[in-house]
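Asker: here is the input, now give the coordinates:
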Amino acid sequence: MNWHASETGSEACGRARAEIALENFMSKSARSPFVVIASALFPLLASLAFGQENELVPIVSPPPALAITTTSLASGTTGSPYSARLAATGGTSPYNTALSYSNLGVNYNGIIFSGIDQSTVPNALLKPINIKETEVGISMSFFNSRLNVDAAVYNKRTDDDILNVSISNTSGYESSLQNIGKLRNRGLELLLSGTPIKTKNFSWNPSFNIAFNDSKVLFLSPGVSSLILGDGDPARFGNFSIKQIVGQEYGQLTGFAYKRDAHGNKIFGPDGLPIRTDDLVSLGSGVYKTTGGFSNDFKYKNFTLSTLLDFKFGAKVYSVTNAELASIGLHKNTLAGREGGYVGKGVTQDGKVNTISVDAQTYWQSISGESGEGVDNIEEEYTYDASFIKLRNVSLSYTISQARLNKSFVKGVTISLVGRNIAVLLKHTPNIDPESNLTSTVEQGVEYNPYPPIRQLGFNVNVKF
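Answerer: Prediction:
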């Protein structure tokens, strides 16, 4: 049984975390030349950014985080599972500190026009992001490695994160790059693997992993309790926006919800239309809290069947696609009430059951807006649970044994039938894939007319010489 603990502190310009794992490098001696070389290279792993007056500013602190097992470094035990990990952030270009220009593609009387080539206000006063993380883990093997358990808990604190903050388009830009507040992430990671069944001709090798993450915005800036993420114009999707809100999880989807009574019933006005909340409310986070997967390898003689299930739970997504479909009468929900009118399920303002019939088009456009992006949206209607379970991969392989190759120059042949995105076993999002997102940046939780996922089927031949 091996225990490890690590505490890291790194400063870098960005958000992505890179980890370089050096596993089992102490195979024979604690004085291995490889260790000396690695130790000499670590201080060189630094990123550079141009600050004011083109001054070079190193933005990654050099010492790596070490995960040390209970076996002594000085013992030199063969096969000791020593490991080292370098944790750093990156991804924000140094050129974000200054304006950039390019040709606009306009030619007038032989003169080529040029202009500012960015929609984000540069910030020459950006400070390095600061991340501090503490992690404790355990690795155990039982029954001659027939059962393996790896688990870790972590607590991560991010200060001066670098984010695009929305600003008024009248400024000529869409966003401003700023160091914003403090964010906390903490969670648990677990991996179970092994070989429950192993005979002469058959074996089963399953692997299950799951991770839980809890995030919280601790602070933004003095006097600021929320801000809109990214370069999006809030009016682009009606009243919807993605915000950082102090005291809540990262990436809150905000919009109008249905006004409800004490029993959770929707409240309808005298015109038979639903009433929305007086203010914008949080509709949930667009970031998944639980992720994981379950893989299996079944081997029988020369045949191998491999499967992979993956899942994500705990995120919401606002579907502009469904809002637009409803606004133009192409959503399945709009079929009801086309003859005789639609009666919304709920109560009136005086607490009585709603019985007022409304023209179906009027009803649905009062919720989604006339174009699906109107200011009268009730965003709750099209905000869905983005949880899912998918059968991601399946493959069936046959390996031709070397004995059947008659000592030819071919050392091995494997023929495989493979499939990807085979089936969605669970989802709560009509008409769209739950993983759909308008952007791959920090603004998670909104989709807009994405391409559908593709189911792929293939045939592979692998030949070894």
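Asker: contacting residues for the most centrally placed residue in the chain?
Answerer: Closest to where the C-alpha atoms of the chain average out (C-alpha atoms, centre = their mean) is residue 287, at 6.2 Å. Residues in contact with residue 287, defined by C-beta atoms under 8 Å, 6 or more residues apart in numbering, are 215, 249-251, 315, 444-445. Any C-beta I mention is one placed from the backbone N, CA and C, and that applies to glycine too.
Asker: let's see it at 10 Å
Answerer: Neighbouring residues of residue 287 by C-beta atoms under 10 Å, 6 or more residues apart in numbering: 185, 213, 215, 249-252, 314-316, 386, 442, 444-445.
Asker: next one: residue 364
Answerer: Residue 364 neighbours (C-beta under 10 Å, 6+ apart): 323, 325-329, 331, 333-334, 336-337, 342, 358, 381.
Asker: which of the residues you listed fall within strands?
Answerer: Within those, residues falling in strands by DSSP state E are 342, 358.
Asker: pull out the buried members of the contacts of residue 364.
Answerer: Buried subset of those (neighbour count, 16 or more other C-beta atoms under 10 Å): 323, 325-327, 331, 334, 337, 342, 358, 381.
Asker: can you put these in TSV and add distance to residue 159 and pLDDT?
Answerer: As requested, the buried ones among the contacts of residue 364 are arranged in TSV below (distance: C-beta to C-beta, whole Å; pLDDT from 0 to 100):
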residue	distance to residue 159	pLDDT
323	37	90
325	43	92
326	43	91
327	43	90
331	44	94
334	48	93
337	53	92
342	51	96
358	52	95
381	38	95
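Asker: which ones among these map onto helices?
Answerer: By the criterion of DSSP state H, membership of the buried ones among the contacts of residue 364 in helices covers 323, 325-327.
Asker: dump the residues you listed into CSV; add distance to residue 240 as well.
Answerer: Shown next, in CSV, are those (distance: C-beta to C-beta, whole Å):
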residue, distance to residue 240
323, 9
325, 16
326, 15
327, 14
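Asker: of the residues you listed, just say which sits nearest to residue 401.
Answerer: residue 325 (55.0 Å; C-beta to C-beta).
Asker: before we move on, back to that, for the residue nearest to the centre of the chain, report the pLDDT, please.
Answerer: pLDDT, residue 287: 94.
Asker: quick one, grab the pLDDT at residue 171.
Answerer: 79.
Asker: my read: it touches residue 121, true?
Answerer: Yes: under the criterion of C-beta atoms under 10 Å, residue 171 makes contact with residue 121 at 7.4 Å.
Asker: okay, these two: which has more neighbours?
Answerer: More crowded of residue 171 and residue 121, by other C-beta atoms under 10 Å: residue 121, with 18 against 10.
Asker: the residue lying closest to that one once chain neighbours are set aside: what secondary structure?
Answerer: Closest residue to residue 121 apart from its sequence neighbours, by C-beta to C-beta, 6 or more residues apart in numbering: residue 176 at 4.2 Å. Per DSSP: H, G, I helix; E, B strand; the rest coil, the local secondary structure of residue 176 is strand.
Asker: closest to residue 201 out of the ones in helices among the buried ones among the contacts of residue 364?
Answerer: The closest of those, once distances to residue 201 are taken by C-beta to C-beta, is residue 325, at 53.3 Å.
Asker: which residues does that closest one contact?
Answerer: By C-beta under 10 Å, 6+ apart, the neighbours of residue 325 are 319, 331-334, 364, 368, 372, 382, 430-432, 449.
Asker: pLDDT below threshold where in the protein?
Answerer: 1-96, 166, 230-238, 370-376, 441-442 (pLDDT under 70).
Asker: let's see 80
Answerer: Flagging of the chain using pLDDT under 80 yields the residue ranges 1-101, 103-108, 115-120, 123-124, 161-180, 229-238, 369-376, 402-409, 411, 439-443.
Asker: distance check, the residue lying farthest from the centre of it against residue 302.
Answerer: Going by C-alpha atoms, centre = their mean, the residue of the chain most distant from its centre is residue 406, 49.9 Å out. Distance from residue 406 to residue 302, counting by C-beta to C-beta, to the nearest Å: 16 Å.
Asker: among the contacts of residue 287, who's most crowded?
Answerer: residue 386 (29 neighbours).
Asker: show me what contacts that residue?
Answerer: 284, 286-288, 312-319, 427-429, 432-437, 444-445, 447.
Asker: among those, which are located in strands?
Answerer: 284, 312-313, 316-319, 427, 447.
Asker: out of those, flag the one nearest to residue 412.
Answerer: Of the ones in strands among the contacts of residue 386, the one sitting nearest to residue 412 (C-beta to C-beta) turns out to be residue 312, at 36.8 Å.
Asker: pretty sure that closest one sits against residue 212.
Answerer: No: Residue 312 is beyond contact range of residue 212, at 11.6 Å (criterion: C-beta under 10 Å).
Asker: picking that back up, could the ones in strands among the contacts of residue 386 go into CSV alongside distance to residue 241?
Answerer: Conversion of the ones in strands among the contacts of residue 386 to CSV gives the following (distance: C-beta to C-beta, whole Å):
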residue, distance to residue 241
284, 13
312, 23
313, 24
316, 14
317, 14
318, 10
319, 15
427, 25
447, 15
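Asker: most neighbours, which of the residues you listed?
Answerer: Ranked by neighbours (other C-beta under 10 Å), the ones in strands among the contacts of residue 386 are led by residue 318, which has 31 neighbours.
Asker: can you name the residues that contact that residue?
Answerer: Residue 318 touches 237-238, 240-242, 253-255, 283-284, 286, 377, 379-384, 386, 438, 445-448, counting by C-beta under 10 Å, 6+ apart.
Asker: only whichever of those residues are buried, select them in PyMOL.
Answerer: Entered in PyMOL, the line below selects the buried ones among the contacts of residue 318, by 16+ other C-beta under 10 Å:
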select buried, resi 237+238+240+241+242+253+254+255+283+284+286+377+379+380+381+382+383+384+386+438+445+446+447+448
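Asker: surely residue 150 meets residue 140?
Answerer: Yes: look at residue 150 against residue 140 with C-beta under 10 Å: they come within range, at 7.8 Å.
Asker: these two: who's more crowded?
Answerer: Between residue 150 and residue 140, residue 150 has the larger neighbour count (other C-beta under 10 Å), namely 16 against 12.
Asker: show the contacting residues for the closest residue to the more buried one other than its chain neighbours.
Answerer: Nearest residue to residue 150 in three dimensions, chain neighbours excluded: residue 191, at 4.2 Å (C-beta to C-beta, 6+ apart). Neighbouring residues of residue 191 by C-beta under 10 Å, 6+ apart: 139, 148-152, 207-211, 292.
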